[in-house]
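Visitor: Provided below are the primary sequence and the corresponding predicted coordinates.
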Amino acid sequence: MHPVSGHLRRRAILTITGLSLCAVACLLFAGMTGSVHVSLAEIPDAVAELLRGQPSGMAATLLKLRLERALTAFVTGASLSLAGVMMQALLRNPLAEPYVLGISAGASVGALAALLFMCAAWVVDAAAFVGAVTISMLLYLLARRDLRGGTAAEGGTALLLLTGVILSTACLALVTLMLSIAPESRLRSMVFWMIGDLAGAPVRWMPWIVLAGGLAFALRSARSINVVALHAEAASTLGVRVDALRKGLFFVSALLTASSVTSAGSVGFVGLIVPHACRFALGPDHRVLVPAAALAGGAYLMLADTLARTVIAPQQLPVGVITALIGTPVFLYQLHRLRG
C-alpha cells in the first residue's frame, strides 16, 4: 500500500469513528435531558426494559419517547447534510444548500394545504412529500438540458439555479396566500411546520431507507465527484459519465430533501453549514466528506432538538429556530475564515 493512501485511510477511519462516537453521545444526552432528568445510573435498567418491550418505569418511558424523537432528528439531519454535500457538488458552489432549488417550498405548499383543511397527520406528511416530488419533477422537466455535462456545464448550473429560485418564489407566494386566509386555530401549527418542528414526529422506516440509498449512491460516486470538482472540463475524457452523475446528484438530493422536509418541516442551515464545516475541517475528498457530513448533520440536529425542548422547558421551541440561531454566527465565522 502506498504510504500516502495508507495515511489517508487511517485518517478517514479515525474521523468516521470519532463522529460516530459523537453521534452516540448526542443520542445518550438527548435521552437523559428533559423536564424530568434521567440519570446515567438509570439508563441500563431503562434500556433493558425497552429491549424486553415492556417500558413500565418512568425512566424507560421517558427514554423511549426521547430516543424516538432523537432518532428522527438524526435521520433528518443526516439527510439534509448529505443532500447539501450533493447539491454543492451538483452546482459546484460551496454555499449551495438543499432548499436552494425550491423543493422545500413545494413541500410547504402541500403540507400547509393539508393543514388548512384540517387533514390527518399522515395526509399532511403525504401532501408534503407529493409537493416536494412535484416541484422536483417540474424542475427536471424545465431544466433537464442544463443537467447534461459538457462545456456548457457552468451556464447550465446557473440556469438550473435560476429555475429553482423562480419555482421557489411561486411556491412561497402560495404559502403566503394560505397563511393570510388561515383561521387562527390552524395558523400556529402551520407556522411551526414552516419553521421546522420535531414535536410529535413519529419514527418511520422510509427516511432511513432513503438515507441508506442516498449514502450508498454518494459513496459509490465519490471518486467521480472528486474528478468533476477538480477537472470539470476534462471529466468526461477521464472516464466520468458527467451526464449521469449530474442527474443522479439532482434526483438523490431532491429525494433526501423531500424525505427530511416531510419528517420535520423546513429546518434551515443544517444542509448549509454542516457540509461547509466538514469540508473546511476535513478537506474536499468526498470519500471522507460524504459519511462525515451525514454523521455530523445527524448529531448536530439531535443536539439542536434537545436544546429546543429543554432551553425553556416545559415549553418547546421549533428546532428550526435553534438551528438558525446557531447556524448564522457559525456560517459568518466560516465566511470570515475563508476570506482571511
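Guide: Thanks, I have it.
Visitor: so where's the stretch 151-300 of the chain uncertain?
Guide: 151-156, 231-234, 238 (pLDDT under 70).
Visitor: show the backbone phi and psi for residue 41.
Guide: Dihedral pair for residue 41: phi -70, psi -30, per degrees, to the nearest 10.
Visitor: now residue 57
Guide: phi -80, psi 160.
Visitor: quick one: contacts for it?
Guide: Residues near residue 57 by CB atoms under 8 Å, 6 or more residues apart in numbering: 45-46, 49. For glycine as for every other residue, the C-beta is placed from the backbone atoms N, C-alpha and C.
Visitor: if you set the cut-off to 10 Å instead, what comes out?
Guide: Residues in contact with residue 57, defined by CB atoms under 10 Å, 6 or more residues apart in numbering, are 42, 45-46, 49, 63.
Visitor: what score does it have for pLDDT?
Guide: pLDDT, residue 57: 75.
Visitor: with the one 4 residues further on instead?
Guide: As predicted, residue 61 sits at a pLDDT of 80.
Visitor: what's the helix or strand for it?
Guide: Using DSSP states H and E, residue 61 maps to helix 58-91.
Visitor: got the buried residues for that helix?
Guide: 59-60, 62-64, 66-67, 69-91 (16 or more other CB atoms under 10 Å).
Visitor: so which residues make contact with stretch 165-183?
Guide: With CB under 10 Å, 6+ apart as the criterion, stretch 165-183 contacts 99-113, 115-116, 118, 131, 134-136, 138-139, 142-143, 186-191, 194.
Visitor: hmm, 8 Å instead?
Guide: Outside stretch 165-183, the residues touching it (CB under 8 Å, 6+ apart) are 99-102, 104-106, 108-109, 112-113, 115-116, 131, 135, 138-139, 142, 187, 190-191, 194.
Visitor: any idea which residue sits dead centre in this structure?
Guide: residue 80 (1.1 Å; CA atoms, centre = their mean).
Visitor: how about the contacts made by that residue?
Guide: 98, 256-257, 260, 267, 270-271, 274, 297, 301.
Visitor: same deal with residue 306?
Guide: 26, 29-30, 33, 70.
Visitor: the same query, at a cut-off of 6 Å, please.
Guide: Neighbour list for residue 306: 30, 33 [criterion: CB atoms under 6 Å, 6 or more residues apart in numbering].
Visitor: return the distance of it relative to residue 204.
Guide: 20 Å (CB to CB, to the nearest Å).
Visitor: need the contact list for residue 292.
Guide: 15, 19, 278, 282.
Visitor: and it, what element?
Guide: Per DSSP H and E: helix 286-310 holds residue 292.
Visitor: from the middle of its chain, how far away would that helix be?
Guide: 9 Å (CA atoms, centre = their mean, to the nearest Å).
Visitor: follow-up on the earlier one: and the contacts of stretch 165-183, which are buried?
Guide: Buried subset of the contacts of stretch 165-183 (neighbour count, 16+ other CB under 10 Å): 99-102, 104-106, 108-109, 112-113, 115-116, 131, 135, 139, 190, 194.
Visitor: what's stretch 119-136 in contact with?
Guide: 102-103, 106-107, 109-111, 114-115, 167, 254, 258, 261-262.
Visitor: so which bits of that stretch are buried?
Guide: Per 16+ other CB under 10 Å, stretch 119-136 contains these buried residues: 123-136.
Visitor: and the nearest residue to residue 140 once chain neighbours are set aside, how far from residue 160?
Guide: Nearest residue to residue 140 in three dimensions, chain neighbours excluded: residue 250, at 7.0 Å (CB to CB, 6 or more residues apart in numbering). Residue 250 is 8 Å from residue 160, where distance means CB to CB.
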